[in-house]
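>>> Any chance you can model this:
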Amino acid sequence: MNDITYVLGLYFAGLGLLLSLAGILLRFYYKHLRTDRAEQLICIAVGVMMWHIIIYIMILNGHIKQWPNLYNKGIPIYYLIAPCTYYYTLLKLYPKARISRLWYLHLLPFAFGLIDIMPYAVASTEEKVALLELVTTDLQMGFKHSYGFIDQKWHYIVKFLLAFVYLMAQWRLIYIFEPSETHDAAQKRSVIGFSGMYSLHLFLQGSMILNVLFNQLQGSFILRDINQIVWVSLFFMFFSVWVFYSALPRRSANRQIRRFANRQI
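Model prediction:
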């Protein structure tokens, strides 16, 4: 049963990765999306989420030991997801909004994370493989190892606290937005769909990580709990469906839906 559930979790994650990749490629393909600041930001956020999923899978199946230089490189870029999703929402609802001249302050956590991964980056290959032997055996070692200037658990705590703050600001933008035209109403519905999917994925992933941090006796079991992995993968897949669908040209997408409906009739 666990084998079937594990395969199901990998299937959801793999399908989500493919849909996300397709959504990003479509945004690069269509010029009006490629030059849109909001779409550029969502590509960054989704790309980072994909990296997180890939590294987590590699840790679970032990393949990360064959690629030790990939481990913990995501720490600084994980801090980019929250500000990117916030500014995506802002620019979608208010396309003419001016970005603050102090926008670079949002990159401070990224800079601190970049500095903190240096001890692991300069470690020898033998040291990296030895650490990954421990991490793949006991996933809690990802929170406890000393290859950093601060306790590694603080990266997870700060990341999810910041993500929660940005998410509240993101929903506030949606709440105060008053559509004046039909196009604006459709845009708001699209942003609500995105924010809803992102919120579910974030809360599910965040609850699992925080549960590990405050329940260290069962932390390794929680991180390997197949049922939780399936749910996280499922919500990521749902989010990826939005990533893919939102990149399709509206006329083309509507035509495909009508064609499918006519076939059913």
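>>> For the rest of this, base every contact and every neighbour count on C-alpha atoms.
OK.
>>> Flag every buried residue along the biggest helix by length in the chain.
In the chain, with assignment by DSSP state H, the single longest helix is helix 182-213. For helix 182-213, burial by neighbour count (16 or more other Cα atoms under 10 Å) applies to 184, 187-188, 190-192, 194-195, 197-202, 205-206, 208-209, 212-213.
>>> what does stretch 65-75 give?
Lys65, Pro68, Asn69, Tyr71, Asn72, Lys73, Gly74, Ile75.
>>> Likewise for stretch 118-134?
Tyr120, Ala121, Lys128, Val129, Leu131, Leu132, Glu133.
>>> Quick check: nearest residue in space to the second one, chain neighbours excluded?
Excluding its sequence neighbours, the residue lying closest to Ala121 (Cα to Cα, 6 or more residues apart in numbering) is Asn69, at 7.3 Å.
>>> quick one: that neighbour and His52, what's the gap?
Distance, Asn69 to His52, using Cα to Cα, to the nearest Å: 15 Å.
>>> can you check Ile117 too?
Where His52 is concerned, Ile117 sits at a distance of 16 Å (Cα to Cα).
>>> One more: Met208?
15 Å.
>>> Kindly report the same for Ser190.
Taken as Cα to Cα, the span from Ser190 to His52 is 25 Å.
>>> likewise Phe28?
In terms of Cα to Cα, Phe28 sits 22 Å off from His52.
>>> now swap in Pro249 and tell me
In terms of Cα to Cα, Pro249 sits 28 Å off from His52.
>>> what about the two, which has more around it?
Per other Cα atoms under 10 Å, whichever of Pro249 and His52 has more neighbours is His52, with 18 against 13.
>>> close enough to count as contact, the more buried one and Gly74?
Yes: the pair formed by His52 and Gly74 meets the contact definition of Cα atoms under 8 Å, at 6.9 Å.
>>> How about Asn78, nearest residue that isn't a chain neighbour?
Actually, residue 78 is Tyr. It isn't Asn. Leaving aside its sequence neighbours, Tyr78 sits nearest to Val48 (Cα to Cα, 6+ apart; 6.4 Å).
>>> cool, Val135 as well?
Met141 (5.1 Å).
>>> Where does pLDDT dip in the protein?
1-3, 181-183, 212-228, 250-265 (pLDDT under 70).
>>> center of it, which residue is that?
When Cα atoms, centre = their mean is applied to the chain, the residue found nearest the centroid is Met49 (2.8 Å).
>>> Distance check, the closest residue to Ser199 other than its chain neighbours against His201.
In this structure, Ser199 finds its nearest non-sequential neighbour in Leu167, 7.5 Å apart by Cα to Cα, 6+ apart. Here the criterion is Cα to Cα. By it, Leu167 lies 12 Å from His201.
>>> ditto for Ile75
Applying Cα to Cα, the value for Ile75 to His201 is 18 Å.
>>> repeat for Leu33
24 Å.
>>> And Phe143, by the same measure?
From Phe143 across to His201, the span is 21 Å (Cα to Cα).
>>> Repeat that for Phe149.
From Phe149 over to His201 the distance is 29 Å, taken as Cα to Cα.
>>> still on that earlier bit, so which of the buried residues of stretch 118-134 are in helices?
Reading helices off the buried residues of stretch 118-134 with DSSP H, I get Tyr120, Ala121, Lys128, Val129, Leu131, Leu132, Glu133.
>>> which ones are touching the closest residue in space to the third one that isn't next to it in sequence?
To tie it back to what came earlier, the one meant is Lys128. In this structure, Lys128 finds its nearest non-sequential neighbour in Pro68, 6.0 Å apart by Cα to Cα, 6+ apart. If you count contacts by Cα atoms under 8 Å, 6 or more residues apart in numbering, Pro68 has them with Thr125, Lys128, Val129, Leu132.
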